[in-house]
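Trainee: pasted the sequence and its predicted model underneath.
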Amino acid sequence: MSYKTIEEINEKIKAGKAVVVTAEEMVDIVEEKGVKQAAKEIDVVTTGTFGPMCSSGAFINFGHSDPPIKMTKVWLNDVPAFAGLAAVDAYIGATELSESRGMEYGGAHVIEDLIAGKDIHLVAESYGTHCYPRKEISTYINKNNVNQAFMFNPRNAYQNYNAATNSSNKIMYTYMGTLLPRCGNVTYSTSGQLSPLLNDPFYRTIGIGTRIFFGGAQGYVAWEGTQHNPEQKRGENGVPLGPAGTLALIGDLKQMSTKYVRAAVYQQYGVSIFIGVGIPIPIIDEDMAEKTAVKNKDIYTNVVDYSVSSGPRPVLRRVSYTELMSGSIELNGKMVPTAPLSSIKKAREIACVLKEQILKGEFLLTQPVTSLPLTNTVNKLEIRNKTEGELNEED
Amino acid sequence: MKKIKVTMYFPANKIAVPLTYHLIRDYNLMINILNADVSLNKVGTLVADIEGEDKDIEAGLEYVRKIGAEYTVFTKSIIWQEESCVHCGACTAVCPSGALKMDKSDWSLTFDREKCLICELCVNACPLRVMSVKNGDIIK
């Protein structure tokens, strides 16, 4: 049964009458009042996450110099940026490493420094053309003197993720943090019951075009994220039991804040970036009230052995987020300490900030332009020969 | 009164000596054992805070040396730049003593310097690079 449309919710927001709560508050409200009453009373539930999201980066247009240059190779603070598009457009990827400082500084740091308003050293090369005669340039840019700087992140806000451990005898340095030998620890990376896509497991309200809190600015869901895997096994409550849906996000870097975008370095793995994402979920009916009341104890993931580098990594057990967040879980008959990698404190802060913005009428909700796919799986990259009979330029 | 943090190493044949008992009774020292790794036929290590008068600490450490054990005094400390921390918790994955822990009430990182063994594992495990080692005054 449907109670409200998004237009009606927006009218209430504009009139200052909307009832907005965070996903954590919703758990208690539904427990106390029941799904039916909560669906009537609550208009919006805010979610949040602040974790390392490697598949992130930003497009920048530098503007034209005089004489102009068709940049073919670009470095920002000595970090290579992709320049194979037009003359002065480039994409700086978060995980790209500095050519002089290696893993200690990368694309993520360039992005954080840009957001902070710092000057960035731009070096570019070109072969020179009749219309773009300049062959090299060295100058300084910042977010105020470039034309556009927008983040476009191909895969953010993973709907659930594996927990990691290491059964080998050697310490492992991974994107899941430092994994101690002989299953000495377990790391996990999600904000659990606060996480955007865990509160809308079938993407009923989060879709293409959804306005979101993105790195402190207002951004949008641009597309399904890469490796979007909605066909992942799900529990009875519809919540995926492993990595599932993902989002491609877009937003104005110039409006972002270093409070919600932070560069990260994982020892021996490389550079990543913490991105703060918050998505408001309109409580259009009882189903959404029920889904947004999901609790950590009802969200499960697999503890995966990262020491196995070939073939599918073994799953050692299934575990709930309540167990992971307790600080230790039982693994092979012994208690193993657990540690988060995604900041729950910041996720909570984001859900609260978004709630305040909606209450003040600064943030309005959107109807998705179209839905995210509910059918899609992840392909493997096969190492194979060319398909028989297919022609290419060599033939 | 002063307080120092030491690691003591016992040769395999000295683990039967009731060292802490003597330090407490004979030298009037307060001992807080932070970490102990003692097993038969193996070099044992004991990490402890030692608190007492300067001369008592000096005499106590002389006793440690006399019975054939060795010690090193911690001169470093771990600095946590709290204002730059995002409280992700990655450092808690490697902290062996529980000095770095998540406060479950608000998911803030907490750092109990008393429990810190200065193993420095958190320095590299921190993705934000907000943990660092500070060299302190060298204690003789």
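Mentor: Perfect, thanks for sending it. Keep in mind it's a predicted model, so treat the numbers as computed, not measured.
Trainee: going forward, measure contacts between C-alpha atoms and count neighbours the same way
Mentor: Will do.
Trainee: centroid residue for the chain?
Mentor: Looking at chain A here, since you left the chain open. residue A:156 (2.2 Å; CA atoms, centre = their mean).
Trainee: not what I meant, chain B
Mentor: residue B:117 (3.8 Å).
Trainee: downstream of the longest helix along chain B, the next helix or strand is which one?
Mentor: With DSSP state H applied, the helix covering the greatest number of residues in chain B is identified as helix B:54-66. Downstream of helix B:54-66, the first helix or strand assigned by DSSP states H and E is strand B:70-73.
Trainee: so which elements touch that next one?
Mentor: strand B:2-10, helix B:54-66 (3 or more CA pairs under 8 Å, 6 or more residues apart in numbering or on different chains; DSSP states H and E).
Trainee: can you tell which of the ones you listed is closest to chain A?
Mentor: Set against chain A and scored by CA to the nearest CA, these come closest in strand B:2-10, at 22.9 Å.
Trainee: how about the closest one: buried residues?
Mentor: Using 16 or more other CA atoms under 10 Å in any protein chain shown as the test for burial, strand B:2-10 gives B:5-10.
Trainee: up against chain B, what does the stretch 151-300 of chain A have?
Mentor: Contact residues, the stretch 151-300 of chain A versus chain B (CA under 8 Å from any CA of the partner chain): A:177-180, A:185-187, A:262-267.
Trainee: enumerate the residues of chain B near chain A.
Mentor: B:86-90, B:92-94, B:106-108, B:124-129.
Trainee: pLDDT added to the buried residues of strand B:2-10, as TSV?
Mentor: Conversion of those to TSV gives the following (pLDDT from 0 to 100):
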residue	pLDDT
B:5	89
B:6	91
B:7	89
B:8	89
B:9	88
B:10	83
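Trainee: tell me the residue of chain A that sits nearest chain B?
Mentor: Closest point on chain A to chain B, by CA to the nearest CA, is residue A:343, at 3.9 Å.
Trainee: how close does that residue get to residue B:12?
Mentor: Residue A:343 sits 44 Å away from residue B:12, going by CA to CA, to the nearest Å.
Trainee: go on, residue B:32?
Mentor: Note on residue B:32: its distance to residue B:12, by CA to CA, is 22 Å.
Trainee: show me what contacts residue 113?
Mentor: Chain wasn't specified; assuming chain A. By CA atoms under 8 Å, 6 or more residues apart in numbering or on different chains, the residues touching residue A:113 are A:119-120.
Trainee: right idea, wrong chain: chain B
Mentor: By CA under 8 Å, 6+ apart, the residues touching residue B:113 are residue B:99.
Trainee: angles on the backbone of it, please.
Mentor: Residue B:113 adopts backbone torsions of phi -60, psi -30, taken as degrees, to the nearest 10.
Trainee: and it, what pLDDT?
Mentor: Listed pLDDT for residue B:113 reads 90.
Trainee: mind checking the SS state of residue A:30?
Mentor: helix (DSSP: H, G, I helix; E, B strand; the rest coil).
Trainee: now for it: which residues touch it?
Mentor: Residues near residue A:30 by CA under 8 Å, 6+ apart: A:37-38, A:289-290, A:293.
Trainee: same check on residue B:101?
Mentor: Per CA under 8 Å, 6+ apart, neighbours of residue B:101: B:89, B:92, B:109-111.
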